[in-house]
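Trainee: just a sequence and a predicted model for now, questions to come.
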Amino acid sequence: MTESNKLPSGQTRIDSLEMRGVTKRFPGVLANDHVDFDVRSGEVHALLGENGAGKSTLMKILYGLYHPDEGEVLLNGKPVTIASPTDSINLGIGMIHQHFMLVQTLTVAENVALGLPSSRGALTDLDRISKRILELADIYGLKIDPSAYIWQLSVGQQQRVEIIKALYRGAALLILDEPTAVLTPQEVNELFVIMRQMVRDGHALIFISHKLHEVVDISQRVTVLRDGRKIGTRPTSETTKQDLANWMVGREVGFIPDRGDVTPAEVRLQLEDVSCGSDRGTPGLRGVSVAVRSGEILGIAGVSGNGQRELAEAVTGLRKIVSGHVQLEGRDVTNFPPGELTDRMLSYIPEERMRDGMIKDFTVAENLILREHHKQPYSRSGFLNLGGIATHADKLIRDFRVKTPSRETLAKNLSGGNIQKVVLAREISRDPRVILAAQPTRGLDIGATEYVRMQLLEQRKKGAAILLISEDLDEILALSDRIAVIYEGRIMDIVPRADATPEKLGLLMAGVHPEESTSVVK
Amino acid sequence: MIQDLFSVTVLIGILASGIRLATPYLYAAIGETFSQRSGVLNLGVEGQMLLGAFAAFYVSLRTGNLWLGLLTAMLVGAVMGLAMAYVTVNLQAQQGISGIGFYLFGLGMSDLLFQKLMPTVETIRGFPRIYIPGLSDIPGIGEIFFSQNILVYSAYLLVPVAWFVLNKTTLGLKIRAVGENPDAADSLGVSVARVRYFTIILGGTLSGIAGASLSIALLNVFQQNMTSGAGFIAVALVYFGAWRPIGVLGGALLFSMVNALQLWVQVLNIPIEPEIAVMMPYVLTILVLVATVSRVRAPSALTKPFEREN
């Protein structure tokens, strides 16, 4: 074996890995249908597809978490069996999961050590492991303190721990499952720097994402999956974002919906110096002041966990406001119960649609009247009017193009996109004065995302005041008239859409005012 | 009278009994610490203790061999742990409910066997006190710490051993990881099921010893429901001790000292209603739990069955 076969970590390179004819069936679903996929040393191969297209299934098969019904995996041309993560790790395959596989209460070194044989037998050998972590960190430019606890680290740092963990186990091929979903734009750039270096050093990387600009930015080849089938593989340089999007969805998609010109009118929702706690007992919001006008979408940008949830809950009456005021159409509604706010035509599209947006074991028709069930024509003197409920449900299912076998289908049996359509139908069809939309397209595929965004813009046109909380910067930029950036429970700044760039917002999201920063030059 | 409580002899007596009385709690609560750190709440401790107590007593009585009795109690506890592990790991049953099931099973079964196999009430000579030359002769200290029986000594030895296993070994690392984030452990090739089987069976074995310590080392008799809630107190002590062996030790000692105090209150004929006196340790447990529980965080995966998504 020559020196050139080695990676800087000392591990042997994986020259090629090929998956052939991989098929995986789940009850009622063909998740992967004879999929071919390959990746080589020294490239980033992007795997692109909508939700449910089969990307994760394919990668979980490669990592040994699922077993394929048909198909084979060839490593450097030779067939291999991957029955468990242990097998794949031994073959030099590592996976960075979308939800980090880290134990928060353990240190970096302990997380790396977990599951590895120890040089000291039954005793842990954390000192040796820490030393090796520092070595690897040095080689790959990943700054990390082995004795830090995971809960002390930022999301970007935690991701670095995941990468170190895989490298420590000798990963020559890394699967990165939507690694950028939780990062700020700056952190994404840092990740890409690391990825480029790994590729230069001979690693093979599989990059899963549905953010097209990232795929175009980082990958050399791209494979698109749709409905479990492979649509094709192309060199990235020979494709455009629009091609890829059309490929993914299987039809022409309009990228950024036409926003149309709407002149904002009177202030409908106003927060003045609102503060509240969080579930952890720490401050959730610290003196937030924003105003949303009729016909306006105010976007709240920020990295997950900076007070977005608390903001949504404070506005909708689900969280006690400790100080400050909330006004709805000029009336003080601070700490009003949620029902009262509903009656004042505040609508809420919650972040956790399965948990807070609906009752999973209720039918579609029942879910559609959750907010107005106590009013005519849905009920009268405490008795439900089943006829009225059915008519209402059928109309909304038609109007909002909800794909459901019937109005009596249980909500939990619908797909994510259709569940969100039910929530949207319920919240929007009542012609609300104010809409609070939290992560309205998270986890939805392009088609459903497009639909939800169109509906929000439609409501804007009708004069609703919309507070849009989203961690997806593209979404914020596509929909908002003004953008407020939230960081550690404070509004860092409110920027008109015309002045907002991802770089500027990214700095604010990291808690830095652009004028304070010297390292960024426009 | 009340001032009798403060005589040196009585104080030494209280401390010595406190040290001794903590024994079953220590075994059971350390065992429970292991299973909870791996994410399994075993509420069946009481039942495991009762069957262990009976098994130890009966086998010791019939064979005259205390060690054989102890071994049987461990086996019985381990088998109950195995059953509990199957129900919680494989069948993914709701842990609180299945634990209560195992408690009721142990309660009923130990009583049934007791009535069928032992027509008359009998007592045995339990594990003798061990005098350590030199140490046992130290006034006061010797009587409190160094004139106990083997099961008492080993219960205290178990505390640092448990700490060491949890914090310094690869097994302990796996246990902690599985209790906090089983998905992460699974993704690194750690078998969540195997780790949990191990801790639940270990917990059962230690509960068996806890029961045996009552019937063949401390009280030297078996009675229906003789544990009278000790297994549940042990579960509470794990919370009290914030899932750390040293904390569990502190809780067990506090509880046992108050218990010893109330026993001496009765012995000395101090005019406190005995019912009130008996309540003291339990009331104290509740108060301390209320005061402490909110500030400590349980293992994140506690009571959650593990299943790979999809």
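Mentor: Yep, it's here.

Trainee: give the pairing partners of the helix or strand harbouring A:L468; include direction for each.
Mentor: Assessed by DSSP states H and E, A:L468 sits inside strand A:465-469. Take DSSP bridges as the rule and strand A:465-469 pairs in its sheet with strand A:296-301 (parallel), strand A:434-438 (parallel).

Trainee: low-confidence regions, the stretch 1-150 of chain A specifically.
Mentor: For the stretch 1-150 of chain A, the stretches with pLDDT under 70 are A:1-4.

Trainee: tell me which parts of it are close to chain B?
Mentor: By C-beta under 8 Å from any C-beta of the partner chain, the part of the stretch 1-150 of chain A that sits against chain B consists of A:26, A:65-66, A:84-86, A:89, A:95, A:97, A:99-106, A:110-111, A:113-118, A:122-124. For glycine as for every other residue, the C-beta is placed from the backbone atoms N, C-alpha and C.

Trainee: report pLDDT for the residue nearest to A:Q186 when sequence neighbours are not counted.
Mentor: Nearest non-adjacent residue to A:Q186, counting by C-beta to C-beta, 6 or more residues apart in numbering or on different chains: A:G506, 5.1 Å away. If you check A:G506, the pLDDT there is 87.

Trainee: please state the backbone phi and psi of residue 217?
Mentor: Here I'm looking at chain A. Main-chain dihedrals, A:D217, degrees, to the nearest 10: phi -70, psi -40.

Trainee: not what I meant, chain B
Mentor: phi -130, psi -30.

Trainee: okay, now it: neighbour count?
Mentor: For B:A217, the neighbour count with other C-beta atoms under 10 Å in any protein chain shown is 24.

Trainee: that one contacts B:Y153, doesn't it?
Mentor: No. The pair B:A217 / B:Y153 is not scored as a contact, 10.6 Å apart, by C-beta atoms under 8 Å.

Trainee: B:A185 in helix, strand or coil?
Mentor: Going by DSSP: H, G, I helix; E, B strand; the rest coil, the secondary structure assigned to B:A185 is helix.

Trainee: OK, contacts around it?
Mentor: Each residue near B:A185 by C-beta atoms under 8 Å, 6 or more residues apart in numbering or on different chains is listed here: A:V103, A:L114, A:G115, B:K174, B:A177, B:V178, B:V192, B:V195.

Trainee: could you find the closest non-adjacent residue to the last one?
Mentor: By the measure of C-beta to C-beta, 6+ apart, the closest residue to B:V195 outside its immediate chain neighbours is B:V178, 4.6 Å from it.

Trainee: same question for the third one.
Mentor: Nearest in space to A:G115, with sequence neighbours left out and distances taken as C-beta to C-beta, 6+ apart, is B:L188 at 3.6 Å.

Trainee: one step back: in helices only, show me the contacts of B:A185.
Mentor: Cross-referencing those against helices under DSSP state H gives B:K174, B:A177, B:V178, B:V192, B:V195.

Trainee: and of the residues you listed, the nearest to A:L410?
Mentor: B:V192 (30.6 Å; C-beta to C-beta).

Trainee: what's the neighbour count on the closest one?
Mentor: 23.

Trainee: what's the distance between it and B:A177?
Mentor: Distance, B:V192 to B:A177, using C-beta to C-beta, to the nearest Å: 9 Å.

Trainee: so which elements touch the one helix or strand in chain A whose mean pLDDT sits lowest?
Mentor: When the helices and strands of chain A are compared on mean pLDDT, DSSP states H and E, helix A:241-249 comes out lowest with a mean of 85. Helices and strands touching helix A:241-249, by 3 or more C-beta pairs under 8 Å, 6 or more residues apart in numbering or on different chains; DSSP states H and E, are strand A:44-49, helix A:212-218, strand A:221-226, strand A:229-235, helix A:446-461.

Trainee: what do you get if the cut-off is 7 Å, keeping everything else the same?
Mentor: For helix A:241-249, the contact count by 3 or more C-beta pairs under 7 Å, 6 or more residues apart in numbering or on different chains; DSSP states H and E identifies strand A:44-49, helix A:212-218, strand A:221-226, helix A:446-461 as packing neighbours.

Trainee: in it, what's buried?
Mentor: A:L244, A:A245, A:W247, A:M248, A:V249 (16 or more other C-beta atoms under 10 Å in any protein chain shown).

Trainee: for stretch A:362-372, same thing?
Mentor: A:T363, A:V364, A:A365, A:E366, A:N367, A:L368, A:I369, A:L370, A:R371, A:E372.

Trainee: gap between the two ends of that stretch?
Mentor: 15 Å (C-alpha to C-alpha, to the nearest Å).

Trainee: now do stretch A:321-337
Mentor: Span of stretch A:321-337 from end to end, C-alpha to C-alpha: 12 Å.

Trainee: now do the host helix or strand of A:R426: everything it contacts.
Mentor: Using DSSP H and E, the element containing A:R426 is helix A:416-428. The contact list for helix A:416-428 (C-beta atoms under 7 Å, 6 or more residues apart in numbering or on different chains) reads A:51, A:347-349, A:353-354, A:357-358, A:364, A:367-368, A:370-371, A:396, A:400, A:402-404, A:411, A:414, A:435, A:443-445, A:447-448, A:452, A:455, A:459.

Trainee: drop anything exposed from the residues you listed.
Mentor: A:51, A:347-349, A:353-354, A:357-358, A:364, A:367-368, A:370-371, A:396, A:400, A:402, A:404, A:411, A:414, A:435, A:444-445, A:447-448, A:452, A:455, A:459.

Trainee: phi and psi next, for the closest residue to B:A193 other than its chain neighbours.
Mentor: The shortest distance from B:A193 to any non-neighbouring residue, by C-beta to C-beta, 6+ apart, is to B:V89 (5.1 Å). With angles defined as degrees, to the nearest 10, B:V89 sits at phi -90, psi -50.

Trainee: partner residues bridging the closest residue to A:S219 other than its chain neighbours?
Mentor: Of all residues not flanking A:S219 in the chain, A:A46 sits nearest, at 3.6 Å (C-beta to C-beta, 6+ apart). Beta-bridge partners recorded for A:A46 (DSSP bridges): A:F207, A:V222.

Trainee: mind giving me the domain ranges of chain A?
Mentor: A:16-246, A:265-345+A:431-522, A:353-428 (automatic domain parsing).

Trainee: export those to TSV and tack on distance to B:V45?
Mentor: Formatted as TSV, the domains of chain A follow (distance: least, C-beta to C-beta, whole Å):
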stretch	distance to B:V45
domain A:16-246	24
domain A:265-345+A:431-522	31
domain A:353-428	34
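
Trainee: right, and those domains - which one's nearest B:I200?
Mentor: Of the domains of chain A, nearest to B:I200 by C-beta to C-beta is domain A:16-246, at 20.1 Å.

Trainee: what about the closest one, distance to the chain center?
Mentor: Relative to its chain's centre, domain A:16-246 lies at 17 Å (C-alpha atoms, centre = their mean, to the nearest Å).

Trainee: report the inter-axis angle for the host helix or strand of A:G284 versus strand A:465-469.
Mentor: According to DSSP H and E, A:G284 maps onto strand A:283-293. Interaxial angle, strand A:283-293 versus strand A:465-469 (axes from the mean of the first three to the mean of the last three C-alpha atoms, to 10 degrees): 150 degrees.

Trainee: ok, back up a step: of all the helices and strands packed on helix A:241-249, which one is nearest B:P299?
Mentor: Nearest to B:P299 among the helices and strands packed on helix A:241-249 is strand A:44-49; the distance by C-beta to C-beta comes to 34.9 Å.

Trainee: helices and strands around the closest one, which ones?
Mentor: Using 3+ C-beta pairs under 7 Å, 6+ apart: strand A:44-49 touches strand A:204-209, helix A:212-218, strand A:221-226, helix A:241-249.

Trainee: helix or strand next in line after the last one, which one?
Mentor: Sequence order places strand A:267-277 as the next helix or strand after helix A:241-249, per DSSP H and E.

Trainee: ok and that next one relative to strand A:434-438, angle-wise?
Mentor: Angle between the axes of strand A:267-277 and strand A:434-438 is 50 degrees (criterion: the same axes, to 10 degrees).
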